[in-house]
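In: compute the structure for the input listed below.
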Amino acid sequence: MTHEFRYCPNCATPLQMLAQMEDGGEKARLRCTACAYTHWNNPTPVLAAVIEYDGQILLARNAAWSHRMYALITGFMEAGETPQGGIEREIQEETSLETVSLDLIGVYDFQRMNQIIIAYHAVCTGEVKLSPELVDYKLYAPEKVKCWPAGTGYALADWLKSRGHVPEFVEWQKRD
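Out: Numbers count the residues shown, from 1 in each chain. Below you'll find the predicted structure:
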């Protein structure tokens, strides 16, 4: 979820889109005319995991989603943690699983949400117990799982390719 800044967090003055010279030239950003605060609007790092559990891929459905899509386990990094520690924490919090192996798949641009996704392959053990954030999960054989053409779906596709599979993408219908 992206938030639109309208007021300065320091002095509550309405922010204005103003151009200023920066290292790379002139750049328009939301700026405060009273205290010189600049809202940088940098992408947020999001962690994601292709969870391999009993030889299958675990996808989960978020309780907040109105559609019935299943996706990777994801979460935001917290201050003071590494990306690896953060995704291990997210996996444990959301599924109760223990991560026994963790390898970086890649880093993915997700501009629609102003996020950078750092995706891992996690081999996990234990008994799945979902957090209240998730309402269901499914296990898929790697050769049967379908990817989605956005965000973490590309990480899943890259992982499948690295294992010798040809990723198949679901078709998305446009919503009005």
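
In: quick one: mean pLDDT over stretch 39-57.
Out: If you average the pLDDT over stretch 39-57, you get 96.

In: below-threshold pLDDT in the chain: ranges please.
Out: Residue ranges of the chain with pLDDT under 70: 1-3, 172-176.

In: show me the longest strand that occurs in this protein.
Out: strand 98-110 (DSSP state E).

In: show me what that one is packed up against.
Out: Identification of packing neighbours for strand 98-110 by 3 or more Cβ pairs under 8 Å, 6 or more residues apart in numbering; DSSP states H and E yields helix 83-95, strand 115-125, helix 152-162. Heads up, the C-betas are built off the backbone N, CA and C, glycines and all.

In: other residues contacting the second one?
Out: I take that to be strand 115-125. Outside of strand 115-125, the residues within contact range by Cβ atoms under 8 Å, 6 or more residues apart in numbering are 43-53, 58, 72, 74, 83-84, 87-88, 91, 95, 97-110, 151-152, 155, 158-159.

In: now do the domain split for this protein, please.
Out: The record's domain parsing of the chain by automatic domain parsing lists 1-41, 44-169.

In: most packed of those?
Out: Burial of the domains of the chain is given as mean neighbour count (mean count of other Cβ atoms under 10 Å); domain 44-169 ranks first at a mean of 16.

In: what distance separates the start and the end of that one?
Out: For domain 44-169, the first-to-last residue distance is 26 Å (Cα to Cα, to the nearest Å).

In: also stretch 137-148?
Out: Criterion Cα to Cα; first-to-last residue distance in stretch 137-148 is 16 Å.

In: tell me the centre residue of the protein?
Out: V46 (4.0 Å; Cα atoms, centre = their mean).

In: if we can go back for a sec, any chance of the helices and strands packed on strand 98-110 in CSV, with distance to N10 too?
Out: Shown next, in CSV, are these (distance: least, Cβ to Cβ, whole Å):
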stretch, distance to N10
helix 83-95, 28
strand 115-125, 25
helix 152-162, 35
